[in-house]
Every structure is written in C-alpha cells, then in structure tokens.
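K.L.:
got a structure for you, letters missing:
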C-alpha cells in the first residue's frame, strides 16, 4: 500500500514540475508578446509620424479618399494654398467635392470628380492639367489620379497634384523659339534664294543663247557653283527640320529604274574629267514599282555618291543596289556605295554621322560642305524605317550601305537599266513643246526675278504678262483670263497668298491655275501651299526642267504643240 502511495506522490510531483515549467514558458511567451506589441506600436507611431511629416512638408497636393470620395488624409500643400482649409474640411464633413471648390474652378472640379469616379470603376485615367487659385494668382498643376487597393479590392483613390507652371511656361517658350527659328530659316531661305534665282537664270540664258564659247564655259561654272551653294543651304534647312522633328517622309509611287537612271547620269557628269570609273551592280529583279519617298532616297544616294566623288581621285566608285523582301507587299531597298578613295581613320568612324562634323580636316580642308550631309542621310534613312552604316579602311576606301523600307506596288522585275543618258556636260535645257496660244501672268516684286521667269518661259512662244505687285495682278485678272498665273509668295503690301484669295473671289477665279513662286524650300512646304489654295509651287531658283513639268501638267492640252 505504501509503495502505491509513493508512486502516486512521485507522479504528482512530476506533474507539478511540468506545470511549473509550462507556466514559466507561458510567462516568457507573454513577455515576448508584450515586447513585440510595444515594438510594433513604437514603429507604427514612427511610421505615422514620418508619414505625417512627409505629407506636411511637401508642397505638392496629395489627397487620399475612400470609395465615397470622403477625404481620409491630405498633405500640407492644401493648407499652403488656402489657410481656411481645415475649417472648410470640418464644415464639409470631409467631402472631396466641397474641398476642391477651395482650390480649383468649377470646370476643373467637375473634371477631377469625373476622373475619380471613372478610376473607382477600374478605368485607367490620364493626368489632368488644372488651374489652382493661390490667392491673387493662378497656377497650373498636373493632377494624377490612381486607385488604392487592398486584398479586398479598390478602397479609394489618391490624387497627387504637382505644380507645372514653370514647366508649361518653358514648353511655351520653346515652341515660340522653334517658331521663331522656322520663320528665320524661311526668311533666310528667301533672302538667299532670291538673288540665286537671278544668278542661275542668267547663267542658263547665256548657256542657251550665247555663241561665245568662253562665255558659255564661264556660265556653266557659275551654274555649277550656284548648285553647290544651294546644296549647302538645303542641308542647313533639312537639318533644322530633323532637329525639330518636323521633317516629313512623303510616300508616293516611283520607278526605281528611273530614280537610278537619273542619279547615274548625274554622277557620270561629275566624273567626266576624272580618272575614276563608275561601276554598277544593279539587281534586275528589283520590283518595277515601289512606294516611298523618292526624293529623300535620291537625296541620300546623291550625298553618298557625291562624297565618294569628292574623296576618290583614282580607281573606281561602285554603286550596288538590291532588294530584300520582307513580306509580299513590303521590303527593303538596299544601296551600297563603294569607293577606292582616301578612307576614314578607325578612330573617326564613330564621328562621321555627328552634326557639323568633318573628319581628317587637314587632308580634306579644300573640300566643300557643311559637315551635315551624312548626319542628314542617316536621319532620313531611320525615318524611312532603315539605317545607314559604314565600313572603311584608311587609305584604301569606304563602303556606305543605306537600307530603307518601301512598299511594293508592282512585283514584276524592273529588268536591266536602259535609256541611261550618257551626257558628259551640262547643257541648256530646251523644252520639247510650245504653247503659242496660251497666256501667262507672272507676278513678282523683284524686277530681276521677273526677267528670269520671263526668259525661262520665252521658248514656249506664249503671251507673257509681267506685273510687280499683288494689286496689279488682281487688276490684270479682272480684264483678262490667263491659262497660268505664277505668283511670288513674299511681296510687300499684299503677299501672294492674299492676292491669290482676291483672285479666287473674282469671276472665273475659282478655276484659275495659280502656281506659287517661293524661295521657301523647307521640307513639307508644298502641302502647306496646296492647303492655302495654290495648285502647285515652284521653288526658287527656278530650273527650266521644273518649269517644263508645270507647263505640261497645267496648260490646257489643246494649247500644247509638240516640237
């Protein structure tokens, strides 16, 4: 019996010890819980403190609301704008609608509320520009509106407003500066091209009419020099357009065979007195009809081949052209220009596409150019979905490869190049048509330009009437109808656009064919003139070939005679 009692006592003692141990464990755990709670509380207080400090110190406006658009929390930026904010929010019961009345006008308040409601529905809301009333002044703010979400879904919205007055002012000033630059370039183009028109026109007349070989030779040199100067002017204007993002790629259908024939003819003329051979590797399987910016493709190729001519004194220049199919109706026109010229140093290759940069200047100091040609060519290639790359060995030559994306309009192969003109010198352009029954009105305030235009038109045998102002043009049109009117754009008192609008309002004026003569050669200007109401434009200096294209297109067919 005693043994049994002893066993029971031992059992009880063990149980007591176990309970004491468990009790101690619970006590320690309880202390840890208390410490943890204190730690969390302290950190929570810290977090709340720093959050409040952040909200109070920011000059931005931050508002947090619940789903009913009741304000839960806001930044100190509100008090900075309106000192009565705290009293107003208390009276309004914390409604966002009422509080917004303190800082924005009624229209902007409605816009913010509408955007907030759309955000609560799960829609993505674009930032708003709103006007904020700060006492006696009004400032511009960008309001971003986003939803706040928890595990249970959308719980409210956040409105963050940042002042952008200075930024918007800077953008406006930049736009004004860009507009001023464009106006300056247009004026500069006009001022330079007006006398260039006279130089080019008069040299053309000497080449056409003079029997003195020395005079003709000198006139050809003058004409070639004027083309070089115009090339530099065009580079500057194009670069400005690219820099401002306003240069447009204008796609039209074109025949690659015709484009290549034109360029090859030009290069043969340039190489006529040199020891350099022009080699061709033109793929006859290139599609016969493409859609792209023919003028810009031609501009790139002329630049690359022109550089090859300038820097190659012996050996050859090779033009290789292929087509890489991308889809059934699209692909890449790939054009490579290889030369055996002076080449480019390895350390200079990375610089050649930089703006206004010319490498190896000691060696190239006598070569003409702005240092913009390659930069423009690369930008144009990229605008047409392609690229321009170069490989070169100094002293041995270079290879430039341009790739541009084009649409295929006729996939039939263009075949071998034919009808390639082999002219070896610059001859005067002689039109193949006459229009003896036609009458033309020419309007220009510059007497020399009137003489040049009249001289270019003389071989057509038409009646040519010249006047020097918009008002005279209007009076002439009242008494006589003309088959074509060539109207200078920039004239004093009444410019060409205003004169054109007056003529359009006269009897028969709506059907009059009015071609604007302009020294503004900035890219894209043609579309602008057509929007004004002109049928077409001719850029100064006026080249007889361009004038002939206008005559063929716009003169009545029954008044054209083939010579």
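P.N.:
Nice, thanks for sending it over. Keep in mind it's a predicted model, so treat the numbers as computed, not measured.

K.L.:
where are the low-confidence patches of the stretch 201-350 of the chain?
P.N.:
Counting by pLDDT under 70, the stretch 201-350 of the chain contains low-confidence residues at 224-225, 227-229, 231-247.

K.L.:
what of the stretch 1-150 of the chain?
P.N.:
For the stretch 1-150 of the chain, applying pLDDT under 70 flags the ranges 1-5, 16, 19-59, 75-94, 134-136.

K.L.:
can you pull out the helices in it?
P.N.:
Secondary structure of the stretch 1-150 of the chain (DSSP state H, counting those that start in this stretch): helices at 2-57, 77-81, 85-92, 96-103, 106-120.

K.L.:
longest strand of the protein, counting residues only.
P.N.:
Longest strand of the chain, by residue count under DSSP state E: strand 397-413.

K.L.:
residues of it that come out buried?
P.N.:
Within strand 397-413, the residues scored as buried using 16 or more other C-beta atoms under 10 Å are 397-404, 406, 408. Using the backbone N, CA and C atoms, a C-beta is placed for each residue, glycine as well.

K.L.:
just those now: which is nearest residue 549?
P.N.:
Set against residue 549, the nearest of the buried residues of strand 397-413 by C-beta to C-beta is residue 406 (23.3 Å).

K.L.:
distance of the closest one from residue 389?
P.N.:
Per C-beta to C-beta, to the nearest Å, residue 406 is found 18 Å from residue 389.

K.L.:
do the same with residue 458
P.N.:
Residue 458 is 48 Å from residue 389, by C-beta to C-beta.

K.L.:
one more: residue 349?
P.N.:
Taking C-beta to C-beta, one finds residue 349 at 10 Å from residue 389.

K.L.:
likewise for residue 310?
P.N.:
Distance of residue 310 to residue 389, computed by C-beta to C-beta: 20 Å.

K.L.:
looking at the two, which is more packed in?
P.N.:
Set residue 310 next to residue 389 and count neighbours by other C-beta atoms under 10 Å: residue 310 wins out with 17 against 14.

K.L.:
give me phi/psi at the more buried one?
P.N.:
Torsion angles at residue 310 (phi, psi; degrees, to the nearest 10) stand at phi -60, psi -40.

K.L.:
how about the one 4 residues further on?
P.N.:
As for residue 314, its main-chain torsions (degrees, to the nearest 10) stand at phi -160, psi 160.

K.L.:
with the one 5 residues further on instead?
P.N.:
As for residue 319, its main-chain torsions (degrees, to the nearest 10) stand at phi -110, psi 120.

K.L.:
list the contacts for it?
P.N.:
The neighbours of residue 319, taking C-beta atoms under 8 Å, 6 or more residues apart in numbering as the test, are 260, 263-264, 267, 278-282, 301, 305, 335-337.

K.L.:
tell me the first helix or strand C-terminal of the host helix or strand of residue 325.
P.N.:
Using DSSP states H and E, residue 325 falls within strand 315-327. Next helix or strand after strand 315-327 toward the C-terminus (DSSP H and E): strand 330-339.

K.L.:
tell me the angle of that next one relative to strand 315-327?
P.N.:
Relative orientation of strand 330-339 and strand 315-327, computed by axes from the mean of the first three to the mean of the last three C-alpha atoms, to 10 degrees: 170 degrees.

K.L.:
how many other residues sit next to residue 11?
P.N.:
Counted by other C-beta under 10 Å, the residues lying close to residue 11 total 10.

K.L.:
likewise residue 274?
P.N.:
The burial count for residue 274: 13, using other C-beta under 10 Å.

K.L.:
and it, which of the three is it?
P.N.:
Three-state assignment for residue 274 (DSSP: H, G, I helix; E, B strand; the rest coil): coil.

K.L.:
list the helices and strands the host helix or strand of residue 258 packs on?
P.N.:
Using DSSP H and E, residue 258 maps to helix 256-270. Under the contact definition 3 or more C-beta pairs under 8 Å, 6 or more residues apart in numbering; DSSP states H and E, helix 256-270 sits against strand 276-282, strand 287-292, helix 294-311, strand 315-327.

K.L.:
one more time with 6 Å
P.N.:
Applying 3 or more C-beta pairs under 6 Å, 6 or more residues apart in numbering; DSSP states H and E, one finds that helix 256-270 makes contact with helix 294-311.

K.L.:
and the helix it packs on, how far out from the chain's middle?
P.N.:
Helix 294-311 sits 21 Å away from the centroid of its parent chain (C-alpha atoms, centre = their mean, to the nearest Å).

K.L.:
which positions in that helix come out as buried?
P.N.:
Residues 294, 296-311 are the ones in helix 294-311 that count as buried (16+ other C-beta under 10 Å).

K.L.:
strands of the stretch 151-300 of the chain, start to end?
P.N.:
Ranges of strands within the stretch 151-300 of the chain are 153-163, 252-254, 276-282, 287-292, based on DSSP state E, counting those that start in this stretch.

K.L.:
neighbours around the closest residue in space to residue 118 that isn't next to it in sequence, how many?
P.N.:
Using C-beta to C-beta, 6 or more residues apart in numbering and skipping the chain neighbours, the partner closest in space to residue 118 is residue 125 (5.7 Å). By other C-beta under 10 Å, 20 other residues sit near residue 125.

K.L.:
under the pLDDT cut-off, which ranges of the stretch 401-550 of the chain? List them.
P.N.:
In the predicted model of the stretch 401-550 of the chain, residues 418-429, 519-525 satisfy pLDDT under 70.
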